[in-house]
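A.B. asks: Provided below are the primary sequence and the corresponding predicted coordinates.
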Amino acid sequence: MMTSYDPLLEGLNPAQREAVESIEGPVLVVAGPGSGKTRVITHRIAYLVRKWHISPYRILAVTFTNRAAGEMKERLSRLVGSRIDRLSVGTFHAFCAGLLRREGSHIGLDPSFTIYDDDDQVQLLKEAMAQVNIDSKQYPVRAIQGAISRSKSLVLDAASYASNCEGFFEEQVSKVYEKYDALIRRSQALDFDDLLLRSVQLLSKNPDVLERYQRRYQHILIDEFQDTNVAQYMLAKLLAGQYRNICVVGDADQSIYGWRHADIRNILGFQKDFPEARSIVLGENYRSTGNIVEAAQKVISANNLRIHKELWTSKEEGPPVVVPETHDEEEEDQFVISEVERLGRIEGASLGDCAVMYRVNAQSRALEEACLRYGARYKLVGGVRFYQRKEVKDLIAYLRLIGNPQDDVSLVRAINVPRRGIGTKSMDDLSRWAISRGTSLYAALESLNGDPQEDDSLRRSLSSRAAAQMTAFLALVQELAEESSRLDVVALIDRVLERTSYREYVTEHYDLPDERWENIMELRRAAEEFKDEEPPQGLTLLLERLALVADADNYEESADSLTLITLHQAKGLEFPVVFMVGMEEGLLPHFRSLDDTGQLEEERRLCYVGMTRAKDRLYMLRAFRRRFAGGYGPSLPSRFLQEVPASIWEPQAPAVPRRTISEGVQSSSWEPSMAEPTGDAPALPGLSPGDKVRHPTFGEGMVVSCTPSAGDNEVTVAFVGTGVKRLLQSLARLEKLE
């Protein structure tokens, strides 16, 4: 009997089709890199809606970044049309934030709660440590933060942690955790880990609420399942407890977030929790060439903690993987810039086609300097995020305080912006008064307007000027809070800027005031999406969107910029050309992993992720010497290089080590990097020492020297006001002046 044609299944390979059609019961989809997992997830959802007439209201799809969720929604809009509005598609944290705003009253949570970011959390932890007399020099706040975050990922609240802690350090953490929990509750706030912890507590302790959401979400799909922690998996199991129609998609070989408390055991043990689960492997890679796939497969196969699968591709073999060895990091960076230029000149590759990936953020410094030296445009992913810029955080603090006056962290930030002359002593007095009475800072400010016969101690501790300024600030916040109930969120932002004279403040007290004001206007533009929401709902939605933006969501493709990015941040992205720099013992794998088998396997997975970001060309570079904190030192080649099949290596010219394949990475000789220009070199205008030139960024200068370099000219120029720069002539766009 012939089956009817279904366009939703067209173009799917057999494994993808099986994953789409297996709609009943638990399903584990093991999806290798570049295997079309997003296509499978979106087509599976469309198949449920269009083929089986499942209401979109009954489907929940969860992933890890807003970027991935946005891509999923975009594809679904083409597959299911306007019905996408009834689908629940988003990140774990966004789902939990919505759940807690709707149902949080069952566990004593105010629906107007603030979501604290990392900086807010650190600030509150410092306050908690001070209150329990724990020295931040002896116990770094980041170590305390990490311990508390890990406990929450394991669904251990402050009381549970206290009853299970062992050892002196954990006892100190327990003291801070208890105080921090009290402070964040007083502020009616949650941190990112609380969103998950409190959601699990809500559903675990309220059977009626759990049953309601189990009935609603009859089909649950989880992307990047290998990145889930204990709390996220527990949440998923709770929601899927009635129908058990849970489809998880992931790859144990791409589990690289153990330091964020992701637990690889979730995906490895899924079939123990769901013994009836069907397992489907997506092994065909549609992204990378044959040589890249083979190299990545050989590297990852050395791991033991994995679900075995064979990665393969029907794409052409492609160029060999290039493994250059350089003398030091400066020569490493020079090779990258030179090769990027060569690929552009010979093959038409743009700067945006190329990405340089590295293990630690500190490696970006030398790369940035090389890009500036040679005039190559670049984009650094993971610098200061837009929403972390001071002027943006100032305005957000006001908006958060308007939405939730009990938010102590936002009040402390906003109260002296613009400057009101409220000094440290006055703020300490305010804080002590609030602590002694177990109340918020806002409530302490309100006491200044109270009956002097009841409690006038705070006003008496303050100078008359400080008390007057605090009272004026309180009146401003109250006025803005009242207006937030009738003004749309864009008009509210305009009102905040007007009442605080913020533009004048930026102009008078900040460097680059025009740039900072433009950042404020960009935040205003972001708010326009919520302008039509009924007040104050627009403000609530804007603040939630701002709080849940992740690092990966900030990446934007650019055709004219070389991407500099860490290997962790690169997950989920792809580039035609990838340079992995710093392939040395101590960097990749990182030195902290060398004595721990589990961490070492995660480092190998990180290398695998980097390799599989490349579509057409992959370069894996190492230097003989590397700059460390104590100066230069010799380095050993990464063990992962030795796992790359020698048969797919190729010597690269110019400026690349010539190697004997059989000798592997242990032996190489370096070709002179100052090669004569090849016949493919562009016709560059002749430059000589003494010539005057103009650069679009550095301005006018004089040529100091001009030397042939890797089919190009390396030009040293003394610029007026910006000093001496070394540039590659083909990239620098130098204009010779008469």
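C.D. replies: Thanks, I have it.
A.B. asks: Can you pull out the low-pLDDT segments for this structure?
C.D. replies: Applying pLDDT under 70 to the chain flags the ranges 1-5, 383-385, 451-454, 550-559, 628-632, 649-685, 709-712, 721-723, 730-731.
A.B. asks: which strand of it spans the most residues?
C.D. replies: Criterion DSSP state E: the longest strand present in the chain is strand 699-709.
A.B. asks: quick one, whichever helix or strand comes after that strand and strand 699-709 angle?
C.D. replies: Next along the chain after strand 699-709, taking DSSP states H and E as the criterion, comes strand 712-719. Strand 712-719 and strand 699-709 meet at an angle of 150 degrees, taking axes from the mean of the first three to the mean of the last three CA atoms, to 10 degrees as the criterion.
A.B. asks: Pull out the buried residues from strand 712-719.
C.D. replies: Buried residues in strand 712-719, counted by 16 or more other CB atoms under 10 Å: Asp712, Asn713, Glu714, Val715, Thr716, Val717, Phe719. All C-beta spots, glycine's among them, are computed from the backbone N, C-alpha and C.
A.B. asks: What is the longest strand of the chain packed up against?
C.D. replies: Contact partners of strand 699-709 among helices and strands, from 3 or more CB pairs under 8 Å, 6 or more residues apart in numbering; DSSP states H and E: strand 692-695, strand 712-719, strand 723-728.
A.B. asks: In its sheet, which strands sit next to the first one, and in what direction?
C.D. replies: Put plainly, it is strand 692-695. Strand pairing for strand 692-695, using DSSP bridges, gives strand 699-709 (antiparallel), strand 735-737 (antiparallel).
A.B. asks: now the first one and strand 723-728, what's the angle there?
C.D. replies: It refers to strand 699-709. Here the directions of strand 699-709 and strand 723-728 differ by 40 degrees (the same axes, to 10 degrees).
A.B. asks: Ser314: neighbouring residues, count only.
C.D. replies: 9 (other CB atoms under 10 Å).
A.B. asks: Do I have it right that it meets Glu284?
C.D. replies: Yes - if you go by CB atoms under 8 Å, Ser314 and Glu284 touch, sitting 7.0 Å apart.
A.B. asks: What residues of stretch 477-489 count as buried?
C.D. replies: So for stretch 477-489, counting by 16+ other CB under 10 Å, buried means Val477, Gln478, Leu480, Ala481, Glu483, Ser484, Leu487, Asp488, Val489.
A.B. asks: Stretch 276-284 too?
C.D. replies: Along stretch 276-284, these residues count as buried under the neighbour rule (16+ other CB under 10 Å): Ala277, Arg278, Ile280, Val281, Leu282, Gly283, Glu284.
A.B. asks: Kindly report the same for stretch 569-586.
C.D. replies: Within stretch 569-586, judged by 16+ other CB under 10 Å, the buried ones are 569-573, 575-586.
A.B. asks: Inside helices: which ones of those residues?
C.D. replies: Gln569, Ala570 (DSSP state H).
A.B. asks: Take the buried residues of stretch 569-586 and keep only those in strands.
C.D. replies: Per DSSP E, these map to strands at Phe575, Pro576, Val577, Val578, Phe579, Met580.
A.B. asks: Quick check: of those residues, which lies closest to Tyr177?
C.D. replies: Nearest to Tyr177 among these is Met580, at 38.9 Å by CB to CB.
A.B. asks: what pairs with the closest one across the strands?
C.D. replies: With DSSP bridges as the rule, Met580 is bridged to Met357, Met620.
A.B. asks: so it touches Arg617, yeah?
C.D. replies: No - Met580 lies out of contact with Arg617 (CB under 8 Å); the separation is 11.5 Å.
A.B. asks: Now for these two: what residues contact both?
C.D. replies: With CB atoms under 8 Å, 6 or more residues apart in numbering applied, the contact sets of Met580 and Arg617 do not overlap.
A.B. asks: how far out from the middle of the chain is stretch 15-35?
C.D. replies: 27 Å (CA atoms, centre = their mean, to the nearest Å).
A.B. asks: That stretch spans what distance, first to last residue?
C.D. replies: 10 Å (CA to CA, to the nearest Å).
A.B. asks: helix or strand for Gln121, which one?
C.D. replies: helix 118-131.
A.B. asks: Check which residues of stretch 179-189 are buried.
C.D. replies: Result for stretch 179-189 [16+ other CB under 10 Å]: buried residues Lys179, Tyr180, Asp181, Leu183, Ile184, Arg185, Arg186, Ser187, Gln188, Ala189.
A.B. asks: Send over that stretch as CSV, restricted to the C-alpha atoms.
C.D. replies: Extracted in CSV, the C-alpha atoms of stretch 179-189 (Å, rounded to 0.1, in the frame of the first residue of the first chain):
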residue,chain,number,x,y,z
LYS,A,179,22.4,35.5,54.2
TYR,A,180,22.4,35.9,50.4
ASP,A,181,19.1,34.1,50.2
ALA,A,182,17.6,36.4,52.8
LEU,A,183,18.8,39.5,51.0
ILE,A,184,17.6,38.4,47.5
ARG,A,185,14.2,37.5,48.9
ARG,A,186,14.0,40.9,50.7
SER,A,187,14.7,42.5,47.3
GLN,A,188,12.0,40.4,45.7
ALA,A,189,14.6,39.2,43.2
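A.B. asks: What lies in contact with that stretch?
C.D. replies: 110, 112-116, 120, 124-125, 127-129, 131-132, 148, 157-158, 190-191, 194, 404, 406-409, 438-440.
A.B. asks: now do 6 Å
C.D. replies: For stretch 179-189, contacts defined as CB atoms under 6 Å, 6 or more residues apart in numbering pick out 110, 113-114, 116, 124-125, 128, 131-132, 158, 404, 406-408, 440.
A.B. asks: And the buried ones among those, selectable in ChimeraX?
C.D. replies: To isolate the buried subset of these in ChimeraX, counting by 16+ other CB under 10 Å, use the following:
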select :113,114,116,124,125,128,131,158,404,406,407,408,440
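A.B. asks: The helix or strand hosting Ile184: what's the following helix or strand?
C.D. replies: Using DSSP H and E, Ile184 falls within helix 168-186. Counting by DSSP H and E, the next helix or strand C-terminal to helix 168-186 is strand 189-191.
A.B. asks: quick one: that next one to chain centroid distance?
C.D. replies: Relative to its chain's centre, strand 189-191 lies at 19 Å (CA atoms, centre = their mean).
A.B. asks: counting contacts, what elements does whichever helix or strand comes after it pack onto?
C.D. replies: Once the chain leaves strand 189-191, the next helix or strand it forms, by DSSP H and E, is helix 192-205. Applying 3 or more CB pairs under 6 Å, 6 or more residues apart in numbering; DSSP states H and E, one finds that helix 192-205 contacts helix 92-103, helix 141-153, helix 230-239.
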